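A.B. asks: I'd like to go over a predicted model; first the sequence, then the structure.
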Amino acid sequence: MTDFDAIDALLAAAKREVPLPPPEERRRLREELHLSRAQLAVALGVGASTIGGWEAGREPGGEQREKYAYFLEGAAAKLTAATAATAATAATAATVLAPDDAPVDEPLAADRAEVLDDVDELPTPRACVLCGQPARHQVEGFPQHLDPVECAAATPTPAAEDAPDAGPAAPGQVAVSEPVRPGRAEATRRPAQSGRSGWQGGRGGGRGVKVAPVGRRVQAATDIPDPVGSAVAAALEEHGGDVEAATAALVKRAIPDAMALLDHTRKGGRYDIVAHPWLPEILRKQTARGADQVWEARPKWTRPELPAGAHDVTALDINGAYLSALKTHLPLGQLEHSEGNHHDRRRAGLHLISPPAWDHHTVLPNPIGDRDESGPLWVTEPTLRLLLRLSGPKYGLCDAPEIHESWTSGATEGLLEKFRIALKDARDRAIADDDLVTLEYVKAMYSKFVSTLGESNYNRALYRTDWMHLIRSQAFANLWTKAFKAYDEGLMVVRAMGTDELHLIGDWRAVFPEGRGVTEVKVKDTYTVGTDPQTPENAPDGPA
């Protein structure tokens, strides 16, 4: 083959990358065909989060790019043809039916969907966050009517005795109230005020009404359903006030009740939960009763040596460790594989790393826990983030871990936040009211929720083994952080165990607040280690 033949072959094999429209156009084409990311992902053989990344600006490559470009080109052609046909039909109808001076109407709901951002058509109607009636669309994850007239029509009119007196209707005329547009009720129904007497905030104007956000509105706190309180009241009534029997019944049904509470707190949520995603092999048990390949960094550490003398040790109990750990970066969709020593803080999942050496074992536990083997291991997002923080300039306690490969998805730290807050508030009320029934019920709900997140026969509604590992690892990372805080404040750390046990020497009350709240600690045990050299048996003999 001559040099020219080689050049000809090279030119024949070379091809330019298929061009793609801008990211916002990619999303528009999909949404106007009423296709979800999940539907398109199945057709292209990728994850739904990958489609989201492409629509946010990430660029596909290779065969995936060609298939994606083929879809986008076909979608654009289909929408162009549909728009032309609709325009021709509308023009014919307008010529035949409409006079020249016909007023222009408000856009219909279907038309508004084309001009609003982040609009999806719901497969089944859901309650509108503005009026509570069934809606066929959602905007930015919130079900609602696109046409304000639909919302106003669904909103019940005030009772006659509550309506302002507009005077009697003329004979033969029916009095009709003008519908109030959603979001403007406060502006059109303001109570009469005189000077500064309208709102006193409890200073002479009566007690204020506590409110909480519900969708885009606020609602009186007393009107918001309390699933936990209702369940406890029903159990006590069913068992005739028998506290032990009611507690046992509630604990027994803690798992389905936790799932129902999760669904309740996810209403109007921005992100859907993928309950049964495909999981990589590292999350599969290697034997029937064995474990998978993920290392959770559970601490089981004891300080190897104490200074000479007697020491008073306090064993602290960290309250609600798993409850606090629900606030962690959780992957939203199916995990996707990547390679390379790179960490994307917008994603979360599992990472194969070579952990750094830890040179502080005599005073602090290793952040990856006590591990007998050496070499790379699979860790979770909380463990990796903790190691990255400790390797940074603020701490400088170790080198950065080396990341070899990862299984991750787009993530958010607030996915379970409303669920966590609902359980925390119920726990706080139970402690304030000395309500042991609710306290045991709530504890069972969050602890069993975490323990059955994997492929458990006790909870088949949600198979997220990745979440289970991440939440538990977050609890271990939280305990390590408390150990470091104690060390940094001058206390001596003696032991760190599991998720909630920390043994300290020194004035721990100057560092941690004492109590039963989730941000507080309580004493589990106190004991003494070592021998005081000034005790009588060791004291020198007195004068003869």
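C.D. replies: Here it is on my side, so go on.
A.B. asks: For the rest of this, base every contact and every neighbour count on C-alpha atoms.
C.D. replies: Will do.
A.B. asks: Touching the lengthiest strand in the chain from outside, list them.
C.D. replies: The residue-count maximum for a strand in the chain (DSSP state E) belongs to strand 402-412. Applying C-alpha atoms under 8 Å, 6 or more residues apart in numbering, the set of residues contacting strand 402-412 from outside is 49, 280, 328-343, 346-356.
A.B. asks: now the stretch 101-250 of the chain, which segments are flagged as low pLDDT?
C.D. replies: The stretch 101-250 of the chain contains residues with pLDDT under 70 at 101-120, 129-132, 139-142, 145-208, 210-217, 219-224.
A.B. asks: where in the chain is pLDDT low?
C.D. replies: Those would be 1-2, 12-16, 86-120, 129-132, 139-142, 145-208, 210-217, 219-224, 533-544, if you go by pLDDT under 70 across the chain.
A.B. asks: Contacts only, for the spatially most central residue of it.
C.D. replies: Central residue of the chain (C-alpha atoms, centre = their mean): residue 415, 1.0 Å from the mean position. By C-alpha under 8 Å, 6+ apart, the contact set of residue 415 is 271, 327, 330.
A.B. asks: Derive a ChimeraX selection command for the buried subset of the contacts of strand 402-412.
C.D. replies: Entered in ChimeraX, the line below selects the buried ones among these, by 16 or more other C-alpha atoms under 10 Å:
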select :49,328,329,330,331,332,333,334,335,336,343,347,348,349,350,351,352,353,354,355
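A.B. asks: Out of the contacts of strand 402-412, which sit inside helices?
C.D. replies: Taking DSSP state H, the ones among these that sit in helices are residue 49.
A.B. asks: Return the subset of the contacts of strand 402-412 lying in strands.
C.D. replies: Among the contacts of strand 402-412, the members falling in strands (DSSP E) are 330-331, 336-339, 347-354.
A.B. asks: circling back: next, format the contacts of residue 415 as TSV and append distance to residue 469.
C.D. replies: Below are the contacts of residue 415 laid out as TSV (distance: C-alpha to C-alpha, whole Å):
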residue	distance to residue 469
271	21
327	13
330	10
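A.B. asks: List the neighbouring strands of the longest strand of the chain plus their orientation.
C.D. replies: The strands beside strand 402-412 in its sheet (DSSP bridges) come out as strand 330-331 (antiparallel), strand 336-339 (antiparallel), strand 347-354 (antiparallel).
A.B. asks: Any chance of those strands in CSV with distance to residue 80 as columns?
C.D. replies: Converted to CSV, the strands paired with strand 402-412 look like this (distance: least, C-alpha to C-alpha, whole Å):
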stretch, distance to residue 80
strand 330-331, 36
strand 336-339, 34
strand 347-354, 36
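A.B. asks: Quick one: closest of the ones you listed to residue 420.
C.D. replies: Evaluated over the strands paired with strand 402-412, closeness to residue 420 peaks at strand 330-331, with 13.7 Å, by C-alpha to C-alpha.
A.B. asks: Break the chain down into its structural domains.
C.D. replies: Domain assignment for the chain by automatic domain parsing gives 10-89, 109-153, 281-529.
A.B. asks: any chance of these in CSV, plus distance to residue 247?
C.D. replies: Shown next, in CSV, are the domains of the chain (distance: least, C-alpha to C-alpha, whole Å):
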stretch, distance to residue 247
domain 10-89, 41
domain 109-153, 33
domain 281-529, 5
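A.B. asks: rewinding a little: can you tell which of the strands paired with strand 402-412 is closest to residue 29?
C.D. replies: Nearest to residue 29 among the strands paired with strand 402-412 is strand 336-339 (24.5 Å), distances taken as C-alpha to C-alpha.
A.B. asks: where exactly do the strands run in the stretch 151-300 of the chain?
C.D. replies: 211-214, 217-220, 294-295, 300-302 (DSSP state E, counting those that start in this stretch).
A.B. asks: Tell me which residues are up against the shortest one.
C.D. replies: Residues outside strand 294-295 that contact it (C-alpha under 8 Å, 6+ apart): 282-283, 350, 377-380, 469.
A.B. asks: 7 Å instead, please
C.D. replies: The contact list for strand 294-295, computed with C-alpha atoms under 7 Å, 6 or more residues apart in numbering, reads 282-283, 377-379.
A.B. asks: for stretch 24-40, same thing?
C.D. replies: By C-alpha under 7 Å, 6+ apart, the residues outside stretch 24-40 that reach it are 48, 51, 55, 72, 75-76, 120-121.
A.B. asks: how long is that stretch from one end to the other?
C.D. replies: Using C-alpha to C-alpha, to the nearest Å, the end-to-end distance of stretch 24-40 comes to 16 Å.
A.B. asks: Could you pull out the buried residues of it?
C.D. replies: So, applying 16+ other C-alpha under 10 Å, buried residues of stretch 24-40: 26-32, 37-38, 40.
A.B. asks: swap in stretch 300-314?
C.D. replies: For stretch 300-314, the neighbour count (16+ other C-alpha under 10 Å) marks 300-303, 311, 313-314 as buried.
A.B. asks: What's the end-to-end length of that stretch?
C.D. replies: 17 Å.
A.B. asks: Can you give the distance from that stretch to the centre of its chain?
C.D. replies: With C-alpha atoms, centre = their mean, to the nearest Å as the basis, stretch 300-314 stands 39 Å off its chain's centre.
A.B. asks: Pull the residues that contact it.
C.D. replies: 362-363, 365, 369-370, 494-498, 503-505, 523, 525-533.
A.B. asks: repeat that for 6 Å
C.D. replies: Residues from elsewhere that reach stretch 300-314, judged by C-alpha atoms under 6 Å, 6 or more residues apart in numbering: 362, 365, 494-497, 503-505, 525-532.
A.B. asks: With stretch 319-336 instead?
C.D. replies: 274, 277, 348, 407-413, 471, 474-475, 518, 521.
A.B. asks: Narrow the contacts of stretch 24-40 to those in helices?
C.D. replies: Judged by DSSP H, the contacts of stretch 24-40 include 48, 51, 55, 72, 75-76 as members of helices.
A.B. asks: Any figure for the gap between residue 521 and residue 300?
C.D. replies: Look at residue 521 and residue 300: by C-alpha to C-alpha, they are 19 Å apart.
A.B. asks: again, but for residue 243
C.D. replies: From residue 243 over to residue 300 (counting by C-alpha to C-alpha), the distance is 37 Å.
A.B. asks: Likewise for residue 34?
C.D. replies: Counting by C-alpha to C-alpha, the gap from residue 34 to residue 300 is 52 Å.
A.B. asks: Same check on residue 317?
C.D. replies: 15 Å.
A.B. asks: re earlier: which of the buried residues of stretch 300-314 sits closest to residue 392?
C.D. replies: Checking those against residue 392 by C-alpha to C-alpha gives residue 301 as the nearest, at 23.7 Å.
A.B. asks: check contacts around residue 352.
C.D. replies: Counted by C-alpha under 6 Å, 6+ apart, residue 352 has contacts 377-378, 403-405.
A.B. asks: which non-adjacent residue is nearest it?
C.D. replies: Closest residue to residue 352 apart from its sequence neighbours, by C-alpha to C-alpha, 6 or more residues apart in numbering: residue 378 at 4.3 Å.
A.B. asks: residues in contact with that neighbour?
C.D. replies: 294-295, 351-352.
A.B. asks: So it: helix, strand or coil?
C.D. replies: With DSSP: H, G, I helix; E, B strand; the rest coil as the basis, residue 378 sits in strand.
A.B. asks: picking up where we left off before, any buried residues in the very next helix or strand once past the longest strand of the chain, and which?
C.D. replies: Sequence-wise, the next helix or strand downstream of strand 402-412 (DSSP states H and E) is helix 417-432. For helix 417-432, burial by neighbour count (16+ other C-alpha under 10 Å) applies to 417-424, 426-428, 430.
A.B. asks: Tell me the helices and strands packed up against helix 417-432.
C.D. replies: In terms of contacts (3 or more C-alpha pairs under 6 Å, 6 or more residues apart in numbering; DSSP states H and E), helix 417-432 is packed against helix 254-265, helix 436-451.
A.B. asks: deepest of these, which one?
C.D. replies: Each of these was scored by mean neighbour count; the highest is helix 436-451, a mean of 21, by mean count of other C-alpha atoms under 10 Å.
A.B. asks: who touches that one?
C.D. replies: The contact list for helix 436-451 (C-alpha under 6 Å, 6+ apart) reads 247, 250-251, 254, 258, 427, 430, 468.
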